[in-house]
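# Predicted model and sequence below, questions to follow.
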Amino acid sequence: MSRRMKGVRDWIFSQILSKSLVLPTPLSGGNSFYEEHRDENFNEQGLAHSASPAASPVPSDTSDSSYCSPSNQPSSALQQISGTENCQYQRKTNGRQKDTLAKVEDLQVKFFRLLQRLGQSPENLLVAKVLYRMHLATLIRAKESDLKRVNLGSSRARVIASQQEATGMPQLDFCCRVLVLGKTGVGKSATINSIFDQTKTITDAFQPATNCIREVVGTVKGLNITFIDTPGFLPCSTSNMKRNKKIMLSVKRFIRKSPPDIVLYFERLDLINSGYCDFPLLKLVTEVFGASIWFNTIVVMTHSSSSIPEGPDGYTINYESYISQCTNIMQQHIHQAVLDSRLENPVLLVENHPRCPKNIMGEKVLPNGQVWRSQLLLFCICTKVLGDVNSLLKFQNSVELGPANSARIPSLPHLLSSLLRQCPVSNLSGIDDEIEEILFSDKEEEDEYDQLPSIRILTKSQFEKLPKQLKKDYLDEMDYRETLYLKKQLKEDYRRRREKLLSTDQEILKNDNPDDQAPPEPVLLPDMAIPPSFDSDCPIHRYRCLAFNDQWVVRPVLDPQGWDHDVSFDGVNLETAAEVKKNVYASVVGQMNKNKQDFSIQSECAAAYFDPWGPTYSLGVDFQSTGKDMVCTVHSNTRLKNIKHNITDCGVSLTSFAQKYYVGAKLEDTVLVGKRLKFVLNAGRMEGPGQAAYGGSFGASLRGEDYPVKNDNLSLTMTVLSFNKEMVLSGSLQSELRLGRSLKASVSANLNSRKMGQICIKTSSSEHLQIALVAVFSVFKALSRRKATKNMVKEVVD
Ligand SMILES: Nc1nc2c(ncn2[C@@H]2O[C@H](COP(=O)(O)OP(=O)(O)OP(=O)(O)O)[C@@H](O)[C@H]2O)c(=O)[nH]1
Ligand SMILES: [Mg+2]
């Protein structure tokens, strides 16, 4: 049972807690009054002892008329507060407008009184949980000066409650409205009758009994309950659904003025099985009443003593396991209806049959020994109390149900670090300034490859015959030659591109003789890896994609985790890059995904102008859909290369998301020392609504001798990010090495001043089959994080 209650509220409160521990918010109402009031109260404490503790009813402008009678106090061990304090409490909570904390305290007193009446101990796990959540919620909303009072709250309320129960004064004023929903004949009206232990509403075994919505009011153990009995829904079918919708809409109209505190959704336990088909009904309830109806819904299963159906193998199933199976089925269907799996609605078992076994007190008992009536009352009280705390402390709309909406506020440090990391759109023309500088820095190497003596290429069998040492020498020689050859190719390539940049338009026309150019060969694009599934369409018969020219590449995209592969793919990917005008290049990369539930689009468009003698200007626009919103970023870069061995880059960006704008700017300088060493220094700022983040980084990288043909490198980076008066320093190391002719390794590690870090080692070998990834491990210093959270909790509690 306690497990069942876990769900929603646990989650809500954990959400609230995590949110508010970061930013403790003051009480929402009447703070200034409260402070004043507290001071008075403290001053009064001394006086109160001398003041007459005469028992007199205190007039009240609120519903709680309090009565102070120290002579009637029970001498319980819990008696921690004196009668005079109790008097103060009474006086304090009367005659004036109560502050929020006082209202929560009142609610706690009522809760303890009800528990006493139901014979439930406050040590009951469910009760303890409710008290704990009330306490947490109050802590979150409380101001620092109130913390002492909040911490005392529950034990104080308990004593006051037992005093009030002993005297019977003031009268307990607690009422809840309960809406019952469910199919016809499941036992809604019968349950209402069972709760009141009298026939208050008609039931019928053979035909729908409740024809209109009506309120059934009564008192159980001093608790005023108003049930809203509704006509049952008809079994799911297209024509019935219209009628069901009509019923729901009329219920919705009925409860508009005074909404229920609790909703009981009824099902018959003996009719739930794996073929349970009431999903359309749950969906319709969600549609009509809104997903939030499930927050306060308890699933009630009637006929709980009925004989349990046999399992598929013909054996009877154990009662507990059958119930947990039914609970899972119901919860899963609710998750699907709400499109949110975070909910965990409590499930209650009920048996209305008059012959249901009873205990010596005359209460109906289920096969598992549960006394269901008091259990149901307890669940209702807990739900109502938590709901009241939520609305008192204004937590009501803090959580939204529904499909995971990734519409979160972007974090400024994240935006800033991605701006700092962003590479300018320099490679559109195929020229990278750094590589170009390295390639042409060494003039002597110019024709090294051409000066090499010729070598006889061996066939495979000839190679096999060589002795081991010669084999190695031969491979080394081939490797060396390959590197030189690739370097030469790259140089020629760069030279050609550079000439093209410098050439005039006429020269281009001259060179681009259309007769010389044969239409490009279509290239078969690699097929997508399709996960094994029961898709009807076999991948072998799938149409493959051909790329006809290198200007437009359009490919289908398949999300292996996607829902339906009816058309073999969920999205389309498009890429294009072209020289629009002389020295002006543009590229568009986009992907669009669509399935039954969401539609997402992502695109990056960029244009760059390359001045052969000077700077490079670029402008880019990125779009990305996140849930219902769209993140749009416009960024611009200017890359200057005025001094040899030095590249300066300035960038600005503007991000818009959910009608908020984030502006960022960065400055970066790259210095090349020789061919192999590079230093990068950058700094930037990102500003959002009312906030700003600053940051910068310094990096050094050492490249291997054969860079850029071989990518051996080692780089160290130090980054500092400052946001909200907090500074995080982090260092990272990245390295890529060739350990042998066929063995490569890459290592990356980072650590920050919050003691969080990660190490990642990857090795790949072309010889040892597919053991490409030998080790990847990550170490997160979650402990330090937990420690920080603990400290914060401590601060709040202290
Ligand atoms: N054995 C058994 N019978 C039940 C239980 N609950 C209800 N019934 C019987 O089921 C029949 C229908 O119950 P109702 O309470 O009228 O059902 P309802 O959900 O109110 O139906 P509508 O008013 O038509 O929506 C009655 O004959 C009840 O006695 C139960 O827990 N066990
Ligand atoms: Mg009925």
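Structure's in. What do you need? Ligands and ions are numbered 1, 2, ... in the order given.
# since we're on residue 99, how many residues are nearby?
When neighbours are defined as other C-beta atoms under 10 Å, residue 99 has 22 of them. Using the backbone N, CA and C atoms, a C-beta is placed for each residue, glycine as well.
# confidence score at it?
Turning to residue 99, the model gives it a pLDDT of 76.
# Across the sheet, point out what pairs with residue 604.
Counting by DSSP bridges, residue 604 forms beta bridges with residue 589, residue 622.
# Residue 591 is in contact with that one, correct?
No. Applying C-beta atoms under 8 Å as the test, residue 604 and residue 591 come out as separate, 9.6 Å apart.
# check contacts around the residue of the stretch 51-200 of the chain found nearest ligand 1.
Closest to ligand 1 within the stretch 51-200 of the chain is residue 187: 2.6 Å, counting by C-beta to the nearest ligand atom. Residue 187 makes contact with 203, 266, 268, 302, 303, 350, 352, according to C-beta atoms under 8 Å, 6 or more residues apart in numbering.
# Show me which of these are buried.
203, 266, 268, 302, 303, 350, 352 (16 or more other C-beta atoms under 10 Å).
# how about the helices in the stretch 651-798 of the chain?
782-797 (DSSP state H, counting those that start in this stretch).
# residue contacts, residue 437?
Residue 437 sits next to 644, 645, 672 when contact means C-beta under 8 Å, 6+ apart.
# Now do the SS call for it.
What DSSP: H, G, I helix; E, B strand; the rest coil gives for residue 437 is helix.
# State the distance from it to residue 762.
Using C-beta to C-beta, to the nearest Å, residue 437 is found at 29 Å from residue 762.
# Find the helix or strand that residue 264 is a member of.
For residue 264, the host element (DSSP states H and E) is strand 262-268.
# Quick check: buried residues in whatever helix or strand comes next after that strand?
Using DSSP H and E, the helix or strand that follows strand 262-268 in sequence is helix 279-289. Across helix 279-289, burial judged by 16+ other C-beta under 10 Å covers 281, 282, 283, 284, 285, 286, 289.
# now stretch 326-341
In stretch 326-341, counting by 16+ other C-beta under 10 Å, buried: 326, 327, 329, 330, 331, 333, 334, 335, 337, 338, 340.
# Please apply the same query to stretch 226-240.
Judged by neighbour count using 16+ other C-beta under 10 Å, the buried positions of stretch 226-240 are 226, 227, 228, 229, 230, 231, 232, 233, 234, 236.
# Is ligand 2 within reach of it?
No. Stretch 226-240 lies apart from ligand 2 when judged by C-beta under 5 Å from the ion; the minimum separation is 5.8 Å.
# Mind checking if that stretch is in reach of ligand 1?
Yes. With C-beta under 6 Å from any ligand atom as the criterion, ligand 1 is reached by stretch 226-240 at 231, 232.
# Show residues contacting that stretch.
Against stretch 226-240 from outside (C-beta under 8 Å, 6+ apart): 175-186, 188-189, 192, 195, 201, 208, 210-218, 243-244, 247-248, 251, 254-255, 260, 277-278, 280-281.
# do that again at 7 Å, thanks
Applying C-beta atoms under 7 Å, 6 or more residues apart in numbering, the contact partners of stretch 226-240 are 175, 177-186, 188-189, 192, 201, 208, 210-217, 243-244, 247, 251, 254-255, 260, 277-278, 280-281.
# start to end distance for that stretch?
One end of stretch 226-240 to the other measures 29 Å (C-alpha to C-alpha, to the nearest Å).
# Low-confidence regions, the stretch 251-400 of the chain specifically.
274-275, 307-316, 396-400 (pLDDT under 70).
# Now with 80, please.
For the stretch 251-400 of the chain, residues meeting the criterion pLDDT under 80 lie at 273-277, 306-317, 340-342, 394-400.
# send the alpha carbons of stretch 249-264 over as CSV?
Output of stretch 249-264 as CSV, limited to C-alpha atoms (Å, rounded to 0.1, in the frame of the first residue of the first chain):
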residue,chain,number,x,y,z
LEU,A,249,-19.1,16.6,-20.4
SER,A,250,-22.1,16.8,-18.1
VAL,A,251,-20.0,15.7,-15.1
LYS,A,252,-17.4,18.3,-16.1
ARG,A,253,-20.1,21.0,-16.1
PHE,A,254,-21.4,19.7,-12.7
ILE,A,255,-18.1,19.9,-11.0
ARG,A,256,-17.1,23.2,-12.5
LYS,A,257,-18.2,25.3,-9.6
SER,A,258,-16.9,23.1,-6.8
PRO,A,259,-14.3,20.7,-8.1
PRO,A,260,-13.8,17.4,-6.2
ASP,A,261,-10.8,16.8,-4.0
ILE,A,262,-10.6,13.2,-4.9
VAL,A,263,-11.6,11.1,-7.9
LEU,A,264,-12.3,7.4,-7.6
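# For that stretch, buried residues please.
Buried residues in stretch 249-264, counted by 16+ other C-beta under 10 Å: 251, 254, 255, 260, 261, 262, 263, 264.
# cool, stretch 627-635 as well?
Across stretch 627-635, burial judged by 16+ other C-beta under 10 Å covers 629, 631, 633, 635.
# How about residue 616: what's its closest non-neighbour residue?
In this structure, residue 616 finds its nearest non-sequential neighbour in residue 639, 4.3 Å apart by C-beta to C-beta, 6 or more residues apart in numbering.
# Quick check: that neighbour touching residue 650?
No. Using C-beta atoms under 7 Å, residue 639 is not in contact with residue 650; the gap is 8.3 Å.
# So for those two, which residue has more residues nearby?
Set residue 639 next to residue 650 and count neighbours by other C-beta under 10 Å: residue 639 wins out with 23 against 16.
# Just list whatever residues bridge to that one.
residue 616, residue 649.
# From ligand 1, how far out is it?
73 Å (C-beta to the nearest ligand atom, to the nearest Å).
# ok, residue 481 - contacts?
Under the criterion of C-beta under 7 Å, 6+ apart, the neighbours of residue 481 are residue 452.
# Helix, strand or coil: sort out it for me.
What three-state DSSP gives for residue 481 is helix.
# gap between it and ligand 1?
In this view, residue 481 and ligand 1 are 87 Å apart by C-beta to the nearest ligand atom.
# how close does that residue sit to residue 739?
Using C-beta to C-beta, residue 481 is found at 21 Å from residue 739.
# Check whether residue 193 really touches residue 201, as I assumed.
Yes. Using C-beta under 7 Å, residue 193 makes contact with residue 201 at a distance of 6.3 Å.
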